[in-house]
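> Prediction below, plus the sequence it came from.
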Amino acid sequence: MTKQEMEKLKNFERNIKKMGNKEIVIIHSGLNRKSITNPTELNEAELKMVKKELLTRMK
């Protein structure tokens, strides 16, 4: 992953922490669809982050 992609991931993670549950579910479904049609390393990392955050909030 490039330095720019790593920075994008950090910003994405920071933004996820600020979102509500409904927004996260919508983003999860979009990323899931996106990872099926365009599986890149960045998409997979974002999807993992969103799944982790959802599971943390469900506990």
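Received the coordinates, thanks. A quick note: this is a predicted structure, and the numbers were derived from the prediction, not measured.
> What is the neighbour count of residue 27?
The tally of other residues near residue 27 (other C-beta atoms under 10 Å) stands at 20. Just so you know, the C-beta spots here come from the backbone N, C-alpha and C atoms, and that holds for glycine as well.
> Which strand or helix spans the closest residue in space to it that isn't next to it in sequence?
Leaving aside its sequence neighbours, residue 27 sits nearest to residue 50 (C-beta to C-beta, 6 or more residues apart in numbering; 5.8 Å). Here residue 50 is covered by helix 41-58, with elements defined by DSSP states H and E.
> State the mean pLDDT of that helix.
For helix 41-58, mean pLDDT rounds to 91.
> What are the contacting residues of that helix?
For helix 41-58, contacts defined as C-beta atoms under 8 Å, 6 or more residues apart in numbering pick out 1, 5, 8-9, 12-13, 16-17, 21, 24-25, 27-28, 31-32, 34-35.
> try stretch 18-26
Stretch 18-26 is contacted by residues 16, 27, 50, 53, 54, 57 when judged by C-beta under 8 Å, 6+ apart.
> Between those residues, identify the one with the most neighbours.
residue 50 (22 neighbours).
> roughly how far apart are that one and residue 3?
Plainly put, residue 50 is 22 Å away from residue 3 if you go by C-beta to C-beta, to the nearest Å.
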